[in-house]
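Q: Pasted the sequence and its predicted model underneath.
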Amino acid sequence: MNRRIPTWQSRLRSALYLLSICCIVHVAGLAQPQTASEAGQEAQNAGKGRILLVLPFDNRTDQPSLEWIREAAASILSSRFSSAGFVSLSRADRMYALDHLGLPEGFQPSRASALKLAQTLDADSIVVGSYSTEGTNLVVEARVIDVPHLRMSDTVSARGAMSDLIAVFDSLAWKLTHVLDPELGGSEETFVAAGRGTRLDAFEQYIRGITEPDHDERLRHLNQAVALSPDFGAAWMALGREDYSGQQYEEAATAFAKVGRNEPDALEAGFYRGLSLLFSGKYLQAEAAFHAVATVLPLAEVLNNEGVAVSRQGKDGGAQFGAAEAADPNQPDYHFNLAVTFKRRGQTSAALAELGQCLRLRPNDSEVQDLQRDWREPADTTAHSGVDQDTNAAARPDPLERIERSFDADAFRQAAGMMDQMESARLAELAPHDRAVKLARQATDYLDRGLLLEAEREYLRAVAADGSVAEGHAGLAEVRERGGDVASARKEAEKALELKPSTQAYLVLGRLDLADNRLDEAGKEAGQALRLDPASREAQDLSRQVALKAGKSQ
């Protein structure tokens, strides 16, 4: 998928129309709703000071076989920073900036050229680092460059077994977040737990698959990655991109379908799956794929392509084309598609008006010029040719609606980030108790989806807003339990129970006591959880596990 990656400002501009739509929902019910200019200004300020560029680390091992770790470092750190609430610029952003500056992909920048890269992408901070080995151990070091103030932080380091490479970089990410924001909460264990499900061998194949210069080699590595780890969403996304660029559309659709809804590339995967299905002639499935993306974010290109998929089934896609045009009236293809729809309905005047808008935006569009002439003067055309009008009309091919082939996923992720910033501003207007309750509910949604870092971030905000809300402590207890921070998990669960009886808190304590072989306590806690929620599967499972372990110990 070769495309020019826009800068932060142009991506922001392309996302503002989405904010204008979504602001209606977010301001509903507020006593003093924002004006459009206030919403736009808030969007412009969203993410300010938190835009990061992580550069590939320097390889100081003298081992070419470990060169892949350069990009692995940037990949892991960027992912963790994003989960912690920062805006991490993507590898595609970096490739764009290097190309814009006339530098090769593998260029290892000096401090001066790193600053130039950051300024090209409007990054507030740059993370630079290196890695080396000590026997079988990996040693990583990094520093943060404050771009506006041209300051560099002290060195932050982490080390561990080479086999624990992902955990080593997760630990480094946790330390760096506290350099970037000293007030940021969160435990190191949660950062490490976030990468615990990723197999190192699959991750290495993935990194090699996105950095190899040869297409066939990229495919080979990516296929190995998904074979080793069938749930590896990032590898499936990269494989889908390779298949799509090679016009292997059925294979691409299959790969994109494997990208889970919690992956950062989920929307982009849905869009390109829709395109792959469209080019494969599977129009009904393509319509469903585009509709699923549009339900989350009603983007103009998605709505347009949904309309194309509808029209390819012999139905009227005018509703989708009209919505796409309304969302982005400066895109000539949306006017073209609406013109074709109007003409099929027999509304020639409306069709000609849309063609006029298309030509205003793209004056040299020869297809539109021909259609405008044919639709405006069909009688003159047939009179000069001596051909019956109906016969001549039948001979002319019916124009096909135009497909949007590019999807700026970064713009939409950043639009979502801006929406989060705007939501944070609205949360600040709530009373502390109400704010804590709402934040705890948002955190629970993240937790249910397995997004530990995001859940921890929101639970910490809930506790900071009002420490008397039991749900914040109970949720934080479960996050810490999943991360392996037993002492903190027990402390938070006990605090939650001091405030209010909670199935979640009893379950955390019960599982911890069961693991410590404190069966009497675990049994009581399972019983308390069941009394609060007799239908709880987790409480039932805990009770059975306690009984089974007690029976074996007798």
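A: Here it is on my side, so go on. Residues are numbered from 1 along each chain as shown.
Q: helix, strand or coil for the most centrally placed residue in the chain?
A: Nearest residue to the geometric centre of the chain (CA atoms, centre = their mean): Pro264, 2.5 Å. Secondary structure, DSSP: H, G, I helix; E, B strand; the rest coil: Pro264 is coil.
Q: Tell me how far Glu71 lies from Tyr334.
A: Plainly put, Glu71 is 37 Å away from Tyr334 if you go by CB to CB, to the nearest Å. Where you see a C-beta, it was placed from the backbone N, CA and C, and this is true even at glycine.
Q: neighbour-wise, which of these two wins?
A: Neighbours per residue (other CB atoms under 10 Å) separate Glu71 from Tyr334, with Tyr334 holding more: 31 against 18.
Q: isn't that one right up against Val302?
A: No: contact criterion CB atoms under 8 Å: Tyr334 and Val302 do not qualify, at 12.0 Å.
Q: Look up how far Ser113 lies from the residue nearest to Thr211 when sequence neighbours are not counted.
A: Leaving out its chain neighbours, the residue that sits closest to Thr211 by CB to CB, 6 or more residues apart in numbering is Glu71, at 5.3 Å. To Ser113, Glu71 is 18 Å away according to CB to CB.
Q: Can you show me the CA trace of whatever helix or strand Gly475 lives in as CSV?
A: Secondary structure assigned from DSSP states H and E places Gly475 in helix 470-483. Backbone C-alpha positions of helix 470-483 (Å, rounded to 0.1, in the frame of the first residue of the first chain) are rendered in CSV as follows:
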residue,chain,number,x,y,z
ALA,A,470,-14.7,1.3,45.5
GLU,A,471,-14.9,0.3,41.8
GLY,A,472,-11.6,2.1,41.1
HIS,A,473,-9.7,0.2,43.7
ALA,A,474,-11.3,-3.1,42.8
GLY,A,475,-10.5,-2.7,39.2
LEU,A,476,-7.0,-1.6,39.9
ALA,A,477,-6.6,-4.7,42.1
GLU,A,478,-7.5,-7.0,39.2
VAL,A,479,-5.1,-5.1,36.8
ARG,A,480,-2.3,-5.6,39.3
GLU,A,481,-3.2,-9.2,39.9
ARG,A,482,-3.0,-9.9,36.1
GLY,A,483,0.3,-8.1,36.0
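Q: Show me what it is packed against.
A: helix 188-194, helix 432-448, helix 452-465, helix 486-499, helix 503-515 (3 or more CB pairs under 8 Å, 6 or more residues apart in numbering; DSSP states H and E).
Q: what's the angle from it to helix 452-465?
A: 150 degrees (axes from the mean of the first three to the mean of the last three CA atoms, to 10 degrees).
Q: what angle separates helix 470-483 from helix 486-499?
A: Helix 470-483 and helix 486-499 are oriented at 160 degrees to each other (the same axes, to 10 degrees).
Q: Now helix 470-483: average pLDDT?
A: Helix 470-483 comes out with an average pLDDT of 96.
Q: what's the answer for stretch 500-517, then?
A: The model assigns stretch 500-517 a mean pLDDT of 96.
Q: next one: that stretch to chain centre, how far?
A: Its chain's average C-alpha position is 33 Å from that of stretch 500-517, according to CA atoms, centre = their mean, to the nearest Å.
Q: Go through that stretch and flag the buried ones.
A: Residues of stretch 500-517 classed as buried by neighbour count (16 or more other CB atoms under 10 Å): 502-514.
Q: Low-confidence regions, the stretch 1-150 of the chain specifically.
A: Within the stretch 1-150 of the chain, the ranges that satisfy pLDDT under 70 run 1-49, 106-107, 109.
Q: same check, this time on the stretch 251-400 of the chain
A: 378-396.
Q: what about the helices in it?
A: With DSSP state H, counting those that start in this stretch, the ranges of helices along the stretch 251-400 of the chain come out as 266-279, 283-296, 300-312, 318-327, 332-345, 348-361, 366-376, 378-385, 389-395.
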